[in-house]
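Visitor: Quick one, fold the following:
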Amino acid sequence: MIMKRLLYFLFLFVSLSLSAQSFDVFNSADGLNYGWNDFSLKVEAQKVTLVVLGKKSEVNCNREGMAYSHVLFFNKKHQLGFLFVEKHGEISLGCEVFEINGGGIKPLGSFPFAAYTSENGERMNYNSILPYLSVIRSDKRTLLFINTTMAVRYPDTVNEEIVETKDFYHILTEKSFEMRTY
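Guide: Numbers count the residues shown, from 1 in each chain. Purely as a prediction, here's the structure:
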């Protein structure tokens, strides 16, 4: 079993490093407006607005009077991006994910994870997952990884559970990012 996992990790690492394409990363600290040649994205209080080649698309963020942060992963070559909008109060409550593809933006649903980390020497808490996310494109697959040891799945719900992130990754399907185990 250990050898099988080791071979899988080795195969995954080699295949990703040979053919993987990275995404540029922009977070809340970079501002709320992003623009490239024929592309612009604006994150506002109630909605996300995308303009590609003069065509405008908007989606609601479902804001509930909470604090929000975001991170945008964008690949200019493929005109493909993913916007993670995280809601938080005293703890992180997970993210809503939007796919930016060509000329449009569509909601992919929720990404119900918070980082289970300690900040500034404090006790472990449900912190922002945004700094720990990475997205890569390998061939025709888009993969999402959480780069911290532990995370909380379904934070602040009855289904809440602390999970070790080494045991899973996410792959983009037509509907959303689906969790897969190694």
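
Visitor: now the helices for the chain?
Guide: 2-19 (DSSP state H).

Visitor: Any idea which helix or strand in it has the lowest mean pLDDT?
Guide: Among the helices and strands of the chain, helix 2-19 carries the lowest confidence by mean pLDDT, DSSP states H and E, at a mean of 49.

Visitor: mind checking pLDDT for F113?
Guide: Note on F113: pLDDT of 93.

Visitor: What is the burial count for it?
Guide: Neighbours of F113 under the rule other Cβ atoms under 10 Å: 26. In this view, the C-beta of every residue, glycine as well, is placed from N, C-alpha and C.

Visitor: Can you give me the distance of it to Q79?
Guide: Distance, F113 to Q79, using Cβ to Cβ, to the nearest Å: 26 Å.

Visitor: Show me where the protein dips below the pLDDT cut-off.
Guide: Low-confidence segments of the chain (pLDDT under 70): 1-20, 27-67, 102-103.

Visitor: in stretch 168-180, what counts as buried?
Guide: Neighbour-count burial for stretch 168-180, counted by 16 or more other Cβ atoms under 10 Å, picks out 169-170, 172, 176-177, 179.

Visitor: Which ones among the residues you listed lie within strands?
Guide: Judged by DSSP state E, those include 169-170, 172, 177, 179 as members of strands.

Visitor: N159: which of those residues is nearest?
Guide: The closest of these to N159 turns out to be M179 (Cβ to Cβ; 13.4 Å).

Visitor: ok, that closest one - contacts?
Guide: Counting by Cβ atoms under 8 Å, 6 or more residues apart in numbering, M179 touches 168-170.

Visitor: isn't N147 right next to L130, touching?
Guide: No - using Cβ atoms under 8 Å, N147 makes no contact with L130, being 11.2 Å away.

Visitor: More neighbours: which of the two?
Guide: The neighbour comparison of N147 against L130 (other Cβ under 10 Å) goes to L130, with 19 against 11.

Visitor: for the closest residue to the more buried one other than its chain neighbours, which residues make a bridge with it?
Guide: Excluding its sequence neighbours, the residue lying closest to L130 (Cβ to Cβ, 6 or more residues apart in numbering) is V71, at 4.5 Å. In this entry, V71 is beta-bridged to N27, F84, by DSSP bridges.

Visitor: V71: neighbour count?
Guide: As a burial measure, V71 scores 22 neighbours (other Cβ under 10 Å).

Visitor: isn't it right up against V97?
Guide: No - with contact defined as Cβ under 8 Å, V71 does not count as touching V97 (10.4 Å).
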